[in-house]
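[1] Just the structure for this:
(chains A, B, C and D)
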Number of protein chains: 4
Amino acid sequence: MNYELKTVDPRFELIDTARHFYRKDWMVGTAGNLSARLADGSFWITASGRSKGELTASDFVRVALDGKVLESAGDGKPSAETSIHQTIYTLFPEAQACYHVHSIEANLVSHFTNGDDLPLPCLEMLKGLGVWEENPKVTMPVFENNLEVRQIASKISDRLRITPPKIPALLIRDHGITVWATSLLAARNYIELVEYIFRYMVAARQINS
Amino acid sequence: MNYELKTVDPRFELIDTARHFYRKDWMVGTAGNLSARLADGSFWITASGRSKGELTASDFVRVALDGKVLESAGDGKPSAETSIHQTIYTLFPEAQACYHVHSIEANLVSHFTNGDDLPLPCLEMLKGLGVWEENPKVTMPVFENNLEVRQIASKISDRLRITPPKIPALLIRDHGITVWATSLLAARNYIELVEYIFRYMVAARQINS
Amino acid sequence: MNYELKTVDPRFELIDTARHFYRKDWMVGTAGNLSARLADGSFWITASGRSKGELTASDFVRVALDGKVLESAGDGKPSAETSIHQTIYTLFPEAQACYHVHSIEANLVSHFTNGDDLPLPCLEMLKGLGVWEENPKVTMPVFENNLEVRQIASKISDRLRITPPKIPALLIRDHGITVWATSLLAARNYIELVEYIFRYMVAARQINS
Amino acid sequence: MNYELKTVDPRFELIDTARHFYRKDWMVGTAGNLSARLADGSFWITASGRSKGELTASDFVRVALDGKVLESAGDGKPSAETSIHQTIYTLFPEAQACYHVHSIEANLVSHFTNGDDLPLPCLEMLKGLGVWEENPKVTMPVFENNLEVRQIASKISDRLRITPPKIPALLIRDHGITVWATSLLAARNYIELVEYIFRYMVAARQINS
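    All right, here's what the predicted structure looks like:
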């Protein structure tokens, strides 16, 4: 891989990561969207309706923090969920990448609570998400799904501005996980770790049902 | 991939998709069959009894809409389930591809109802199947299996002519899913989305059992 | 793949199939063994203790029907379970391949009956195993495991000589499945189909538990 | 693969094995660590915080048996769990490799006992771990997790010095499995076999819940 290219254009790493997530069944059909921020504050995000296992550089749109489309190599439209990425980059200036995927397990665990906080189990894996505590109590914020994605984004903004979560992740009910991180590699690791925890939670329920 | 070839001969994309589905365990042994319609109304369909992970262009038969075999590069016989493909292409003139696969989950969910309609859960994934509604109520038509496939095809024709389903998919009990679409890519995405929903349904039952 | 080579020496296809089964988690560690019969009645069988994901032609031993080692390219010893292969080739002269793998699901379903016959569900997939009936009643013979493999082989011989099973497969409790077929390709398909049925049975129990 | 290189430098085989385990979801994010002992008694161990699917030779640190860092090609720090590897190599002089991975199933089964011994089922697979008995009774030692890894290492040392386990493996609650072996290949096989047994145990509980 050409690392210089990756530095100047994060799309190549996003393509590779999307293929990886697609193969894990976290981006089936055309589901999910990935973005990476550039030095000028704008971000590249996957265009709407593209198969995530076979993206090319023209399957991205560059968007300003206010949502204005700045560049679209392949006449694509930005993902319908761009407003959530805008919200994350606005709330967390250190975030360089924001990834949203739709695993089966994320949908299942979103029903493990009726409220708006999902308690996570005390697994060693939490260390990878930045939690170094004995018997940590960690919850993940849960938001209701809504046909109008801007409504979801607005609720995320209102809540996380006041109470940022302990780990950089949020869950939309029946609609999957969103994580953010200070690098693309860290964001990929966070997705893997969160999905691991969700699979653990689902399997534990299947045992104790 | 040679896109011009794909345009003139859909068998190359069918080969690629069959290998993908085989690797997902949706076409184990020699199970399932894929077809794509040509401009003249005839369609290429996988020949009977071929391993779906390693198809070649000679593992297909070209069939007219009335079932007559027009061309068989590799002395194959059309799939035993050709009559279902004929029915779909007759009922839905816009359909360009028809895919039938046999996942374990499709078999399991076919018993989640004793009737002939399977309710689907309200997942975001339904959008990929064309359902953009708040809390959508979607059901999938279920048909009884029958050693005589023409009997199944006849029941499909009788029912779907009058009440076409909300999403382009039907389920045969203990025998897997069939989808159709206006392009080969869309049909592949539909299979992925429907199988995702089935896996969700199975896992949810394992939790709530 | 060089098909002429495959014709004269089945080890190349056995290597490929073992890698496939290894990747499915059906031959983890060094578990399982595959054999193919030659025109002179002897058979190549995987040598004992080799990793099944990375076999080479020297990881096989050629054995006569009476168990005598005829040829061993890589100073290997025949699999500890060679006596079961001898039994199958003796009982079923038409068998050209005999495959034994150790899936988790095969172990689980071996406890779904306390007796020596495991009922299989009425899935369309049974057709691939040669059963073309409406609502077929098929059972699979189950044998107790034993440290002394010759004891298992002897029980198999005694029972199947009198009552050959409807489908060419038998199960050893806690020890996996054995299938046989008139070609290597058919044996591979049979393993896939039987394992599919076992996975279905396990998932159905997890739902109805 | 260059086998001479592998003999003189085990890092190449560790890289390959880590990629294999990563693909099995046993080393997600940057979890887990692998080591191999050299002729002089020191050992190469994965550096802290590296993605296990894409290691290079500079992602390792060479450590003496007393924990002193001897060599670090890529300015890495030794894994936080190095003290456990030191303990294993000290207790078992014949051990040439020590592998630690974090599967979901290992975490689940660590709760199948409240005590410090986990009973394993009587599967044929135990033979691959060195247990050749009729109906073997095998348990695996379980240790409590602790933020301070040296505390875990100390407990392992105290216990296993007096009562070495029947199979070369130990489990840390919510934190995964550690195995050791007289060769890198054997250690890889042991991980596969132990994880197979854990998956069996989880699936059996899901059936009998």
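[2] so what's the spatially closest residue to A:Arg150 that is not a sequence neighbour up against?
    Leaving aside its chain neighbours, A:Arg150 sits nearest to A:Ser83 (4.9 Å; criterion: C-beta to C-beta, 6 or more residues apart in numbering or on different chains). For the C-beta atoms, the positions are set from N, CA and C on the backbone; glycine is no exception. Applying C-beta atoms under 8 Å, 6 or more residues apart in numbering or on different chains to A:Ser83 gives the contacts A:67, A:149-150, A:152-153.
[3] contacting residues around the nearest residue to A:Ala97 once chain neighbours are set aside?
    Using C-beta to C-beta, 6+ apart and skipping residues adjacent in sequence, the residue nearest A:Ala97 is A:Ala187, 3.9 Å away. Contacts for A:Ala187 (C-beta under 8 Å, 6+ apart) come out as A:96-99, A:179-181.
[4] can you rerun that using 7 Å?
    Applying C-beta atoms under 7 Å, 6 or more residues apart in numbering or on different chains to A:Ala187 gives the contacts A:97, A:99, A:179-181.
[5] next one: A:Ile191
    In this structure, A:Ile191 makes contact with A:21, A:99, A:101, A:179, judged by C-beta under 7 Å, 6+ apart.
[6] Quickly find the element holding the second one.
    Secondary structure assignment for A:Tyr99, by DSSP states H and E: strand A:97-101.
[7] quick one: average pLDDT of the longest helix seen in chain A?
    When chain A is parsed with DSSP state H, its longest helix is helix A:184-208. What helix A:184-208 shows for mean pLDDT is 96.
[8] Filter the contacts of A:Ala187 down to the buried ones and hand me the ChimeraX line.
    Of these, the buried ones go into a single ChimeraX selection, burial set by 16 or more other C-beta atoms under 10 Å in any protein chain shown:
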select /A:97,99,179,180,181
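[9] Export the contacts of A:Ala187 as CSV, with columns for pLDDT.
    Compiled in CSV, the contacts of A:Ala187 are given as follows (pLDDT from 0 to 100):
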residue, pLDDT
A:Ala97, 98
A:Tyr99, 98
A:Val179, 98
A:Trp180, 98
A:Ala181, 98
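[10] quick one: the helices in chain A?
    A:3-8, A:11-23, A:82-91, A:104-109, A:149-162, A:184-208.
[11] can you pick the most crowded of the contacts of A:Ser83?
    Of the contacts of A:Ser83, A:Ile152 is surrounded by the most neighbours, 23 neighbours in total, counting by other C-beta atoms under 10 Å in any protein chain shown.
[12] burial measure for the residue nearest to that residue when sequence neighbours are not counted, as a count.
    Nearest residue to A:Ile152 in three dimensions, chain neighbours excluded: A:Asn146, at 5.1 Å (C-beta to C-beta, 6+ apart). The number of residues packed near A:Asn146 is 16, by other C-beta under 10 Å.
[13] isn't A:Asn146 right up against A:Lys155?
    No: taking C-beta atoms under 7 Å as the definition, A:Asn146 is not a contact partner of A:Lys155, at 8.2 Å.
[14] which residues pair with the closest residue to A:Thr163 other than its chain neighbours across the strands?
    Leaving aside its sequence neighbours, A:Thr163 sits nearest to A:Pro141 (C-beta to C-beta, 6+ apart; 7.9 Å). Beta bridges link A:Pro141 to A:Asp117, judged by DSSP bridges.
[15] pLDDT score for A:Pro141?
    For A:Pro141, the predicted pLDDT is 98.
[16] Would you mind measuring from it to chain C?
    31 Å (C-beta to the nearest C-beta, to the nearest Å).
[17] what about that residue, how many neighbours?
    20.
[18] you'd agree it is up against A:Lys166?
    No: contact criterion C-beta under 7 Å: A:Pro141 and A:Lys166 do not qualify, at 9.8 Å.
[19] which among the contacts of A:Ile191 gets closest to chain B?
    A:Val101 (11.5 Å; C-beta to the nearest C-beta).
[20] From what I see, the closest one and A:Gly32 are in contact.
    Yes: between A:Val101 and A:Gly32 there is a contact at 4.4 Å, judged by C-beta under 7 Å.
[21] Which neighbours do the two have in common?
    With C-beta under 7 Å, 6+ apart, A:Val101 and A:Gly32 have common neighbours A:21, A:26, A:176.
[22] Export those as CSV, with columns for neighbour count and pLDDT.
    CSV is the format used below for those (neighbours: other C-beta atoms under 10 Å in any protein chain shown; pLDDT from 0 to 100):
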residue, neighbour count, pLDDT
A:Phe21, 25, 97
A:Trp26, 25, 97
A:Gly176, 26, 95
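[23] Between those residues, which sits nearest C:Asn135?
    A:Trp26 (38.8 Å; C-beta to C-beta).
[24] hang on, that closest one packs against A:His100?
    No: A:Trp26 is not in contact with A:His100 according to C-beta under 7 Å; the separation is 9.8 Å.
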